[in-house]
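J.: Below are the sequence and a predicted model for it; my questions follow.
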Amino acid sequence: MFNDYAKQFYAAQDWTNKHTDPQLNYPLKIDDRLEIDMDQVVSALAEDFSDFVKSTDILPGNCFPAIREVSYVLFDLKIRHVVTIGDVQIQDDLYVGMSKQKLKKELREGYKIKFNDSGEPVGVPADAHAWITLENGQIIDATILASMNRREAREALNLRDCFYYFGRAKDIYHIPLMTGFGYYSRVLTDPRDSFYEIYKNWYSTHFGFMERQRLMR
């Protein structure tokens, strides 16, 4: 599982560098010898998310802000990671139907704006899906299990059960197509958007964190 994913991850990394600014794409190298305690990670995520997630039913459709929150928890845990953009194969179906051609179209069109009920400018929902890839090739997806659960009209998951990583559920296969912040920067970030400063601060914080952790080794 890890080896197949790593190959696709590196292909996505290369594709991203060719289609967006490489400076927004931290060159993470996967080392599957690294051990990461996923129980500890999930516990930390559940504790953090409990401050603002009253029901996991709000997670579907909110992968982009959710992954930012995951990233900040990983900062605290000193775990190196990068954002990953793509799709998820669930049994025989694709979660969002993403492809490189669709990504090219989104990147070309860039940020698209609309106004919410309060008159605030917000971005038009993006079509791709986002998760986190850890340095050992493991992943964290904060929304896919809650989305599958809601589609099947089941009761909301508890927080500890909503964070997917390899080995946690069957028939789920993540397909990385882009890495880093190229997609976020081109499609989701704009000065008119209420998340603009939040995302911009995240980008710089992430690169600083990754470099500090690298130098400490």
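T.: Perfect, thanks for sending it. Numbering: from 1, shown residues only.
J.: going forward, measure contacts and count neighbours with C-alpha atoms only.
T.: Noted.
J.: can you give me the strands for this protein?
T.: Assigned by DSSP state E, the strands in the chain fall at 81-90, 93-94, 113-115, 121-123, 129-134, 139-140, 172-179.
J.: Ok, which of the ones you listed comes nearest residue 66?
T.: strand 129-134 (8.8 Å; C-alpha to C-alpha).
J.: what comes into contact with the closest one?
T.: Contact partners of strand 129-134, identified using C-alpha atoms under 8 Å, 6 or more residues apart in numbering, comprise 30, 63-64, 67, 70-71, 79-88, 96, 139-142.
J.: residue closest to the middle of the protein?
T.: residue 131 (2.5 Å; C-alpha atoms, centre = their mean).
J.: per-residue confidence at that one?
T.: You'll see residue 131 listed with a pLDDT of 98.
J.: and it, bridged to which residues?
T.: residue 84 (DSSP bridges).
J.: picking that back up, tell me which of the strands of the chain sits most buried.
T.: strand 129-134 (a mean of 26; mean count of other C-alpha atoms under 10 Å).
J.: okay, the angle between it and strand 172-179?
T.: 90 degrees (axes from the mean of the first three to the mean of the last three C-alpha atoms, to 10 degrees).
J.: CA atoms of strand 129-134 as PDB?
T.: Taking C-alpha atoms only, strand 129-134 is exported to PDB below (Å, rounded to 0.1, in the frame of the first residue of the first chain):
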ATOM      1  CA  HIS A 129     -10.400  16.600  -2.400                       C
ATOM      2  CA  ALA A 130      -7.600  17.300   0.100                       C
ATOM      3  CA  TRP A 131      -5.800  15.200   2.700                       C
ATOM      4  CA  ILE A 132      -2.400  15.100   4.400                       C
ATOM      5  CA  THR A 133       0.600  12.900   3.500                       C
ATOM      6  CA  LEU A 134       2.900  12.200   6.400                       C
END
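J.: Mean confidence (pLDDT) on stretch 197-206, please.
T.: Averaged across stretch 197-206, pLDDT comes to 96.
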